[in-house]
Structure formats: structure tokens, C-alpha cells
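*Asks:* structure, please.
(chains A and B)
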Amino acid sequence: MEAPVNKKLSAEEKIELYRTIVGIRRFEERSLRAYNQGKIGGFLHLYIGQEAVASGIVSLMEENDHIITAYRDHGHALAVGMSMNECMAEMYGKHTGCSKGKGGSMHFFAPDKHFWGGHGIVAGQTPLGAGLAFALKYKGLKGCAMCFLGDGAVNQGSFMETLNLVSLWNIPVVFVIENNGYSMGTSLKRSSAGENLAHRADGFDMGWEVCEGHDVFEVREVANRAMTRAREEHKPFLLEVRTYRYRGHSVADANHEKYRTKEEIEDYKKNKDPINVIKNQLLADGTLTEEQAKKIDQEKKDEAEASSKFADESPVAPREEIQTDVYWEVDNDTEGKLKGTYFFNDV
Amino acid sequence: MPLITYREAIKQALDEELARDENVCIMGEEVAEYNGAYKVTEGLWEKWGDKRLIDTPISEAAFSGMAIGASALGVRPVIEMMFMSFSYVAIDQLFNNASFCRYMSGGLMNIPIVVRGPANGGTNVGATHSHTPENMVANHPGLKVVCPSNAYDVKGLMKTAIRDNDPVFVMENTLLYGEKWEVPEEEYTIELGVANILKEGTDLTIVSHGRCAMLSLAAAKTLEEKHGISVEVVDLRSIRPLDEETIINSVKKTNRAVLVEENKPFCGVDAQISHLIQYRAFDYLDAPIHRVSAIDAPQVYAKELENWQIPNEERIIAAVLKCLS
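*Replies:* This is a model prediction of the structure:
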């Protein structure tokens, strides 16, 4: 809280951070109910426990900054300002979803908010994040790309190739490893060599740091250094944020109490819950009252509930939509210039 | 009209597009200082400098993905695969991200990249460097793919590909790089999805693409001279989008079809063309559709064997005679 980047926050800005963190939690709790009711299909990778990471970092984004992440993307989406309605409707597979029901839980996008997904293949987004930053530098814009990945992604070749490229070319990207300790059901110890993950950046002559992810102000303090450096000096950075997910890898991961102990989960909830941590900080410094906190909590519950109703009542896209958004040139055929067949169904 | 090589035609297209749009840049292994592994980009680095001609490390996944990410913000990278075979280490980037990001974002993310490089066998380099993945690319809605058979086409199609707002693969051929064709000096482009009738004929239609179209043309001339058979040769140019009408109209006229490609036969491009012809011109066919593809085995190294494995004039002529018998 004492770092300049946090000290300069107004009371309203601090409360907004609280509101974002609580919003993500309530949204996901509601989505879990919908999943269990069979309203949401596919996979549901919950961010519960990790909310302070995306909330803190997104709050630092400036005009030319961009963000991209993996499939545990609900928190980042809400933090950049996507509405609960469009996110919930996307998970319900509805036409009113952010991607018209074509992407699902793992593939949220909002380019207008500089949010480039939502990517389903582990580490597949990491060269894309570098590409966003490459474009900023190419166009002479002062900004950085924030590329999130999980701890499992550090062992993918594409990520290591990308680290070499961004360091070699001085690309202004900050990679944020959200280390929740488990790549699906395999603990860090059983999957990744080395004391910590971020120090792998040493091999690429690249800056790195490790911080805790339950305290949104600590996340902001550390990330701000990396982001400022990226914007000012075009230097990439590897940030490892130690965090924790309360739920399984996805909701389908029913074994998540077999590869870790109940005590471990309870301990984090009790001592490091991101909502409790910020709430206690804001209560202590007088920014927030219990009453306000309760009110915000209720508002977010109501908003999540309403989003679920909105999604439920929204229509599924018409079948014709299956073949839209495939080719730009087809969707934008205003002058009838298109030649040849683009789609190959007989009937 | 000046006679120029296929290689020179590609370079002209790249050079003209670099001049036309400052967002166009060229990325790949050895494309800049080394002047290109096959000298396609020779002289471009000297002319355009480090910003526009970018040497990458041997990291196809990373630079392909980086090109995709950059294109989302309006850069228009043309990435060179030294061999299209090397795109296989970047498949997640090219076949998940380039092809599907637009769709999964509900049309909000556009990826105007070009992936170009040689995709051919016949060079005595064994199975790992001889892939012809136009069929795999065409199997991914969201991607486009062209297989230019000559210098005129490769220049016109390359320029269109670079201006296209979707990801386009341009499949080149090392055996064509040194071949010469007439190419006009004035600017032109060739639309995607428009086939080219290389030779008109009345007895049988050969449908082909890439270098095989040139082999088919040579075979057609031999058939005319030695056997008095009039073969029409349709060069697809573009695989996806596909010019179905030219294929169907030709088969309706000649009533027989031989399909020639360098792909391996199973799920090759011609498997789709064959289906198309039987579905839309069933009643016009006087004989089963015949296919000439690469002989169905991993690419063999031995030169004499490989020259037999990929389509050649002799095998094409045999297939035409069989189809007409």
C-alpha cells in the first residue's frame, strides 16, 4: 500500500479494485451453479482464488496497453470491463454472448477493450502476446502487452521460443505466470524443474521477479515496475505471481482434493483470500465501511444473477451464423468481389 | 513482355507491396541479411532495412504466433517458411490461432498474414522436407490457400494475398523458382478463387494445381501430338476458395476427368474435387474419375525413385489413356 503507484489511488479507485475482485468471484460462483444445472456446457475453468492478479494488473493498463490470456479468462475479461451479461451469455452459448456463442468459456474476446482472448491451448497465446507488443513497437506507440499464462505453460516449447525472441528483439511484453501450483492435477514439484519459474528468464538475459498474488496492492506494485520498464525501454519482463485456485483445474476436475489436501485449500481461504485481504486493508485505512462492503457484495451478486437470467432468456444464434465470422472477406463482401467457393457442404 | 523467373516474380510482388503499404513486413529465417535460403528475398533487406525485413531465429512457432498477434493490431506480416514442411512445428499457431481466432471472437479479431514458402517434393531431400500441405490448410475454415504454377500467377496471387484481410498460404515450389514466364511490367493482381484454363480441349479434363499443372500441360501437348487426344487443362490456382464452376463446366463439356496433384492421395485436394465432380456432374461422366497423386508412401530419398513417386508426364499420360479406354 505504501508504494507510490498505490498511494496515489483515490478512495474511489481503491473501492473499484474491491468491486472488480468481488464481481469476478460472484460472477463465477453463479456460473458454477449454471454449469451444475447443465446450462453451461464444455469446460469451466474457474479463477476463484486468483482474482487479485488480473484485477491488479488490468488496473495499471494505459491507453496503448493490450492484454491476452489463456483459457482461465473470466477474471481478465471482467477486469477489462466486459459485462457480466455478454460473458455469461457466451458461456450459455447464446447469440448475445461476446463471441455470439462461438467461443465459449475459454475464448472470450473484447478487442475494443484491448483484450485479445481467451486461448484454449496451453501457451498458445504467448507468441500472440509478443506479437501485440511487436506491433506497438513497429507502429511507434508507447505501450506494452500483458500476456498471462499458467504455471503449466512454462514447459511448452512455444513459450520458451517466445522468451528468446522478445529478449533478442526488445519487445515490450510482460509475461505474467499465474502460478497456482498445479498444472491441471500435477503439482509444480512434479512438473517443473527449478526453484521458481521466473528465473528461467535468466537464460534469456531478461528481467524477472516473483511476488504474491493474494494482495492486489502488492501485485500492482511489482507489475507497475515491469510495465513501466516495458513502455519506457521496450524491455520484456517475466513476472511470476504466486496464487491459488480453490476449485479444480476445471469443474470437471473432481479429483482436486486428491492431488492436494483439504487443509491446504482451507489454509489459503482463511489466510490469503484476495477478497478478505483487500477488504481488511480498506476497512483498516478507512476507505471502506462494513456496510459499503456488504452493499457492493450484494450488488455484484444481483448483477451475476441478472446476467444468468439474461443469458437464459437470450436466443441461440440462428444456424446461418455457423458460417459467419470465418472469413473477413466473405463477411464484408460489399462490392461482390468474391470469387469461388468458400464453404464446402453439399446441402 | 519480359521473361522473368518465378523467384523474381515473387520478389517483385513483395517489393511492390512493401512500397505500397508500410505495415507490410517480411519475417522468417534467413530472409534479410542472408538474402533468403532460396534467394527469393535477395536485395530486399538492403533496400528496405531491418524494420521491414526481419531475420528470425529458428523458431517457427514463435515467429508465426508473433506475426498473428501483430496482425491483430494492423501490421501485415508476410512470413516465410524456408520449407512449408517447417510449418509443422508451428501448427498450433497456424491451425488454431490463425484459422480460428476470427471465429472464436465472433468476427472481432482479424488476422491479415501471409504464410509463404516452398511446398514440394522432387528435390531429393527425403520425407521431412517434401510436404505439400495445401490439403491440410484447406481443411481449416478460416484459412485460404493458393498454389501458383507459374511466374505470372505467383506475382498476381501474392499481391492479392498480402492485401487480403484473412490468413493466406502461398504454396511455392523450389523446382519452379528458376523457371521463366512472361510477366507484364505494369501492375496487376489475380483474384483468389479463379481457376485458369491453361489449354482448351474436348476429350477429357485434367484438373491440377501448382507445378503439376505445368506437367499436365506438357502431357496434354504430348497426348495431342502423339495420340490425337484433345485434353483441357484446368489450373486451379486457388484451392480455398475454389473455382467450382470452371471445373464443372469443363467436365460437362469433356465428360471425363483426370485429377493430378503432388499431394498423397488419402484426403488430398483431389479427393474433394472428385467428390465435387460426381456430385455436380454425375450424369455427364462417361468414365470413372482418375487420380494421379504422389505414390502413397513417405517421400522417398533416392532421386530415381522420387521422380517416379511424384506425378510425372508418363504417369499422367497413362492415366488419361486409361480414363479414355
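*Asks:* which residues in the stretch 201-325 of chain B form strands?
*Replies:* Remark: strands assigned in the stretch 201-325 of chain B by DSSP state E, counting those that start in this stretch are B:204-208, B:231-235, B:238-240, B:257-260, B:290-292.
*Asks:* for A:Ala110, what are its contacts?
*Replies:* A:Ala110 makes contact with A:77, A:80-82, A:98, B:108, according to Cβ atoms under 8 Å, 6 or more residues apart in numbering or on different chains. Every C-beta, even on glycine, is put in place using the N, C-alpha and C of the backbone.
*Asks:* what does the stretch 201-325 of chain B have sitting close to chain A?
*Replies:* Taking Cβ under 8 Å from any Cβ of the partner chain as the measure of proximity, the stretch 201-325 of chain B contacts chain A at B:238, B:240-244, B:272, B:279.
*Asks:* and which of those residues is nearest A:Glu264?
*Replies:* Distance to A:Glu264 across those (Cβ to Cβ) is lowest for B:Arg240, with 51.0 Å.
*Asks:* report the two of the contacts of A:Ala110 separated the most.
*Replies:* Farthest pair in the contacts of A:Ala110 (Cβ to Cβ) is A:Gly81 and B:Leu108. Separation: 14.9 Å.
*Asks:* the two: who's more crowded?
*Replies:* Set A:Gly81 next to B:Leu108 and count neighbours by other Cβ atoms under 10 Å in any protein chain shown: B:Leu108 wins out with 21 against 12.
*Asks:* my guess is that one meets A:His107, correct?
*Replies:* No - with contact defined as Cβ atoms under 8 Å, B:Leu108 does not count as touching A:His107 (11.0 Å).
*Asks:* overlap in contacts of the two?
*Replies:* A:Ser99.
*Asks:* related to what we said a few turns ago, to A:Glu178, which of the strands of the stretch 201-325 of chain B lies closest?
*Replies:* strand B:238-240 (38.0 Å).
*Asks:* buried ones in that closest one, by neighbour count?
*Replies:* Within strand B:238-240, the residues that count as buried by 16 or more other Cβ atoms under 10 Å in any protein chain shown are B:238-240.
*Asks:* what's the helix or strand for the spatially closest residue to B:Asn150 that is not a sequence neighbour?
*Replies:* The spatially closest residue to B:Asn150, leaving aside those adjacent along the chain, is B:Trp181, at 4.7 Å (Cβ to Cβ, 6 or more residues apart in numbering or on different chains). Under the criterion of DSSP states H and E, B:Trp181 resides in strand B:180-182.
*Asks:* flag the shaky bits of chain A, pLDDT-wise.
*Replies:* Along chain A, the parts satisfying pLDDT under 70 run over A:334-336.
*Asks:* can you do 80?
*Replies:* The model of chain A has pLDDT under 80 over residues A:195, A:254-255, A:333-337, A:347.
*Asks:* could you pull out the helices for it?
*Replies:* A:4-7, A:11-36, A:51-58, A:74-79, A:84-91, A:126-138, A:157-169, A:188-191, A:216-233, A:262-272, A:274-284, A:290-313, A:328-331 (DSSP state H).
*Asks:* which elements pack onto the longest one?
*Replies:* In this case it means helix A:11-36. Here helix A:11-36 touches helix A:51-58, helix A:74-79, helix A:84-91, helix A:274-284, helix A:290-313, going by 3 or more Cβ pairs under 8 Å, 6 or more residues apart in numbering or on different chains; DSSP states H and E.
*Asks:* list the buried ones in it?
*Replies:* Residues of helix A:11-36 classed as buried: A:14-15, A:17-28, A:30-32, A:34-35 (neighbour count, 16+ other Cβ under 10 Å).
*Asks:* could you tell me the angle between it and helix A:84-91?
*Replies:* Angle between the axes of helix A:11-36 and helix A:84-91 is 30 degrees (criterion: axes from the mean of the first three to the mean of the last three Cα atoms, to 10 degrees).
*Asks:* how far is helix A:11-36 from where the chain is centred?
*Replies:* 13 Å (Cα atoms, centre = their mean, to the nearest Å).
*Asks:* buried stuff in the strand holding B:Trp181?
*Replies:* Neighbour-count burial for strand B:180-182, counted by 16+ other Cβ under 10 Å, picks out B:180-181.
*Asks:* I figured A:Arg30 hits A:Asn85, correct?
*Replies:* No - between A:Arg30 and A:Asn85 there is no contact under Cβ under 8 Å: 11.9 Å.
*Asks:* between those two, what contacts are shared?
*Replies:* Common contacts of A:Arg30 and A:Asn85 (Cβ under 8 Å, 6+ apart): A:Ser307.
*Asks:* pLDDT below threshold where in the stretch 1-150 of chain B?
*Replies:* Applying pLDDT under 80 to the stretch 1-150 of chain B flags no residue at all.
*Asks:* pull up the residues of it that are close to chain A.
*Replies:* Within the stretch 1-150 of chain B, the positions adjacent to chain A are B:23, B:25, B:51, B:56-57, B:59, B:61-75, B:92-93, B:96-97, B:101-110, B:112, B:141-142, B:144 by Cβ under 8 Å from any Cβ.
*Asks:* which ones among those residues are found in helices?
*Replies:* B:61-72, B:101-104.
*Asks:* relative to chain A, which of the buried residues of strand B:238-240 is nearest.
*Replies:* B:Ser238 (6.2 Å; Cβ to the nearest Cβ).
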